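Participant: sequence plus the predicted model coming up.
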Amino acid sequence: MRILISNDDSIYAPGINALHEAVSGLGEVHVVAPAAEQSAVGHAITLSDPIKTRPVERNGRFFGHAVGGTPADCVKLAVCALLPTPPDLVISGINLGPNAGISVIYSGTVSAATEGTILGIPSLAVSLNTFSNPLWETAIEVTRRTVRWLARNPLPAGVLLNVNIPNLPLTQIRGFAATRMGQSRFVETFDKRTDPRGNVYYWMDGELQVIGNSEGTDLEALQKGFVSLTPIWFDLTHYPSLPLLAEWVEETADFHNPQRSDS
Ligand code: MN
């Protein structure tokens, strides 16, 4: 099995080392990751700048390619230019911080896996539910088990697995949970500051607010100490609204005479 690993915390982040350790026994591992942190860039790609790469060594040996771009750039570049043949699996992570609920939309971690999925490669994103004191040993063991299982039981084409791991000792993890993406939003605060030259700038921070019933969600699983496994796809259509729109389309059928049909 040929495995491509990437992330959004950069090729120098401890989380990509942990991921490398988790999967190094499972196949041939290739590392292509951003040269600098790209958290919360979502699915951005670089079109109006060149994308620079440079080799990164670890312990005197080639570790991977650092890319001056986004997580989605990394996966595109790896698959289309850097790797001799496409990987069998794309894994993104292990992110420092959860990617549950609405965070999925903003996440660079999930976007690297999304790009793999778009390119037709089974992909997963792995995140650890903490910003401090990460228990990488737990994350490594859970990731290894998940990847082993997924290699034998692939999800349908176009579906990626979003994995969120509680930051608990392995003995305290209650198990795996199949979840849906929780309804939530960020409530932002903007800290207004002044730089040494008198220019005003803002620093954004936000807190995740759960919306509605969290039963069966990724957010609830993490809260209860379960590893959350969410199958995600990228058809953003809201199907229940289609009949409503169809009705309006019907009423405005005379497109070229709007005064007759548009009321
Ligand atoms: Mn990140």
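Facilitator: Thanks, I have it. All of these numbers come straight from a predicted model, not from anything done at the bench.
Participant: in the stretch 1-150 of the chain, which spans are strands?
Facilitator: 2-6, 28-34, 53-58, 61-67, 89-96, 123-129 (DSSP state E, counting those that start in this stretch).
Participant: in a markdown table, list those strands along with mean pLDDT, mean neighbour count and distance to F190.
Facilitator: (Glycine included, C-beta is placed from N, CA and C.) Shown next, in a markdown table, are the strands of the stretch 1-150 of the chain (pLDDT from 0 to 100; neighbours: other Cβ atoms under 10 Å; distance: least, Cβ to Cβ, whole Å):
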| stretch | mean pLDDT | mean neighbour count | distance to F190 |
| --- | --- | --- | --- |
| strand 2-6 | 98 | 26 | 31 |
| strand 28-34 | 98 | 23 | 26 |
| strand 53-58 | 97 | 12 | 35 |
| strand 61-67 | 98 | 18 | 31 |
| strand 89-96 | 98 | 30 | 23 |
| strand 123-129 | 98 | 28 | 25 |
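Participant: and these: which comes nearest the ion?
Facilitator: strand 89-96 (4.5 Å; Cβ to the ion).
Participant: can you count the residues close to whichever residue of the stretch 1-150 of the chain sits closest to the ion?
Facilitator: Taking Cβ to the ion, the ion has its nearest neighbour within the stretch 1-150 of the chain at S39, 3.4 Å off. As a burial measure, S39 scores 19 neighbours (other Cβ atoms under 10 Å).
Participant: same check, this time on D191
Facilitator: 9.
Participant: one more: L242?
Facilitator: 11.
Participant: kindly report the same for the one 4 residues further on.
Facilitator: Using other Cβ under 10 Å, A246 has 10 neighbouring residues.
Participant: do me a favour and average the pLDDT over the host helix or strand of it.
Facilitator: Assigned by DSSP states H and E, A246 belongs to helix 242-251. For helix 242-251, mean pLDDT rounds to 93.
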